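In: Pasting a predicted model and its sequence here:
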Amino acid sequence: MNYKLAKELKNMTPNDFYQIINNNGNNEIKDWLAKLGSERIDELFDPSLIVERSINAWRAMGYSEEWIKNKISKIINNSNKK
């Protein structure tokens, strides 16, 4: 999925998604929604996939490996405090 399309989807409401799903066409968005749903279901059964997805997203945003390591450490430390 391209960045422009992803940016447009970020601002959509649930009703917007319903209209897209019920509309003929927009197959790129429908395919993306199906893939997204499948990935999130997989993450329910294997939460380590969430960590992998986060790391890949941070890399794609240009964060350094050191930044990512520190971010994960902070998340772990904060979860241990609860």
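Out: Sure, I can see it. Not measured: the values here are computed from a predicted model. Numbers count the residues shown, from 1 in each chain.
In: CA atoms for contacts and neighbours, from now on please.
Out: Will do.
In: Packing partners of the helix or strand that contains Arg53?
Out: Assigned by DSSP states H and E, Arg53 belongs to helix 48-60. Contacts defined by 3 or more C-alpha pairs under 8 Å, 6 or more residues apart in numbering; DSSP states H and E place helix 48-60 against helix 27-45, helix 65-81.
In: SS state for Gly62?
Out: Following DSSP: H, G, I helix; E, B strand; the rest coil, the label given to Gly62 is coil.
In: Run a quick neighbour tally on it.
Out: 10 (other C-alpha atoms under 10 Å).
In: And for Leu9?
Out: Using other C-alpha under 10 Å, the number of residues around Leu9 comes to 13.
In: give me the element it is part of.
Out: Secondary structure (DSSP H and E) places Leu9 in helix 3-10.
In: and the helix or strand that that helix is followed by, what does it pack onto?
Out: Where DSSP H and E defines the elements, the next helix or strand beyond helix 3-10 is helix 14-22. Helices and strands touching helix 14-22, by 3+ C-alpha pairs under 8 Å, 6+ apart, are helix 27-45.
In: elements contacting the helix it packs on?
Out: Secondary-structure packing of helix 27-45 (3+ C-alpha pairs under 8 Å, 6+ apart): helix 14-22, helix 48-60.
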